[in-house]
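> I'd like to go over a predicted model; first the sequence, then the structure.
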Amino acid sequence: MNIIVFGGSGGIGAALLEQLSRRFPDATVFSTWYMSPPSDHLMKSVRWSQVNVTSEQSVQAFAGQFDKVHWLINAVGMLHRASLEEQVKLPEKSLRQIDADFFLQNIQTNTLPTLLLAKHFEFALKHDERAHFATVSAKVGSIEDNRLGGWHSYRCSKAALNMAIKNISIEWRRRLSNVCVTALHPGTTDTALSAPFQRNVPDGKLFTAQYTAACLVDVLSSLSAADSGKFLAYDGQELPW
Ligand SMILES: NC(=O)c1ccc[n+]([C@@H]2O[C@H](COP(=O)([O-])OP(=O)(O)OC[C@H]3O[C@@H](n4cnc5c(N)ncnc54)[C@H](OP(=O)(O)O)[C@@H]3O)[C@@H](O)[C@H]2O)c1
């Protein structure tokens with residue numbers, strides 16, 4: 001069994017790797033990082049590659065080494081630019097804060113990679129065994145659930161991601177009928193991505209990455225290809241697109 005987690009250097013991605021390695025001790029687990037080298041404790045159990053998932057060339061070169069993949073999870077994403085090297089940019093509170101470069105960076109990081117991964121891993125996902133193609137999305141990408149507004153770039157990029165997931169599930173329904181394609185909402189999780197926004201999270205609603213990963217693996221384990229095309233929260237609840 002081959003498992004790949006894209007973005008294993010991130011908070012949720014690293015916890016998914018720990019969880020998957022524990023649950024599937026016989027599986028070969030692969031992962032990718034881009035700017036942040038992976039944690040030491042995951043060096044032995046995981047096969048790492050440096051991949052820029054926003055670059056088709058980089059995705060294609062990485063995909064070329066796989067004949068068969070059973071679980072592919074994309075845990076790459078961005079909400080803000082708060083690193084020291086770059087100009088700090090937080091998600092927009094109002095339209096006045098729209099910045100074209102930041103908007104495009106959100107689309108490039110949150111939306112495009114899932115389409116590139118679907119294109120280049122189609123070959124390796126097409127087989128007779130059960131397979132997963134899942135991306136960590138966000139409930140704020142739900143158009144129907146949007147009551148607060150704001151965070152324009154992130155919300156738009158995750159709504160577009162959700163459309164991509166739905167589209168992939170439709171295209172693969174006949175051709176890759178073994179694959180369950182899903183968008184996952186992890187819940188608010190204590191990682192670098194959510195760090196600037198944790199103050200107003202209600203008690204008990206800020207999850208550890210370990211808890212989130214365990215929930216997401218439970219959800220995926222309970223699904224079959226008949227569930228393909230769903231947007232699911234960490235607790236298994238189906239969310240409106
Ligand atoms: N944390 C939350 O509360 C929360 C809530 C809802 C949804 N989500 C979603 O969950 C996913 C994971 O988020 P997280 O909280 O784990 O964030 P995180 O800790 O900031 O991790 C982000 C990951 O994305 C990778 N990445 C970014 N740009 C990349 C690129 N161009 N190529 C390859 N990898 C790239 C990073 O890799 P490098 O650092 O190595 O570049 C890192 O592994 C995201 O899609 C996020 O939107 C998170």
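Good, I have the coordinates. Numbering: from 1, shown residues only.
> can you pull the pLDDT of the residue of the chain most remote from its centre?
Ranking residues of the chain by C-alpha distance from their mean position (CA atoms, centre = their mean) puts R96 at the top, at 28.9 Å. R96 is assigned 97 on the pLDDT scale.
> equivalent analysis for A192, please.
Here the pLDDT value assigned to A192 is 95.
> let's verify it: helix, strand, or coil?
Secondary structure, DSSP: H, G, I helix; E, B strand; the rest coil: A192 is coil.
> pretty sure it contacts G10?
Yes - the criterion here is CB atoms under 8 Å, and A192 meets it with G10 at 7.5 Å. Bear in mind the C-beta positions are built from the backbone N, C-alpha and C, glycine included.
> of the two, which one has the most company?
Each of A192 and G10 has its neighbours counted (other CB atoms under 10 Å); G10 has more, 24 against 13.
> helix/strand/coil for the residue farthest from the centre of the chain?
What three-state DSSP gives for R96 is helix.
> measure it to the ligand for me?
Distance of R96 to the ligand, computed by CB to the nearest ligand atom, to the nearest Å: 24 Å.
> repeat for T191
Taken as CB to the nearest ligand atom, the span from T191 to the ligand is 3 Å.
> for L148, same thing?
Remark: distance between L148 and the ligand (CB to the nearest ligand atom) = 14 Å.
> kindly report the same for G149.
Between G149 and the ligand the computed distance is 17 Å (CB to the nearest ligand atom).
> G8 and the ligand, how far apart?
6 Å.
> please read the previous query as pertaining to S222.
Distance, S222 to the ligand, using CB to the nearest ligand atom: 20 Å.
> what is the neighbour count of the residue lying closest to that residue once chain neighbours are set aside?
Spatial nearest neighbour of S222, excluding adjacent residues (CB to CB, 6 or more residues apart in numbering): G236 at 6.8 Å. Counted with other CB under 10 Å, residues neighbouring G236 total 13.
> for G236, give me its contacts.
Neighbouring residues of G236 by CB atoms under 8 Å, 6 or more residues apart in numbering: D218, V219, S222.
> just the buried residues of those residues.
V219 (16 or more other CB atoms under 10 Å).
> so Q87 sits against D99, correct?
No - counting by CB under 8 Å, Q87 does not reach D99; the two are 9.8 Å apart.
> these two - which one has more neighbours?
Neighbour count, other CB under 10 Å: between Q87 and D99, D99 has more, with 13 against 9.
> gap between the closest residue to that one other than its chain neighbours and the ligand?
Using CB to CB, 6+ apart and skipping the chain neighbours, the partner closest in space to D99 is K89 (6.9 Å). Distance, K89 to the ligand, by CB to the nearest ligand atom: 14 Å.
> doesn't I73 belong to a strand?
Yes - assigned with three-state DSSP, I73 falls within a strand.
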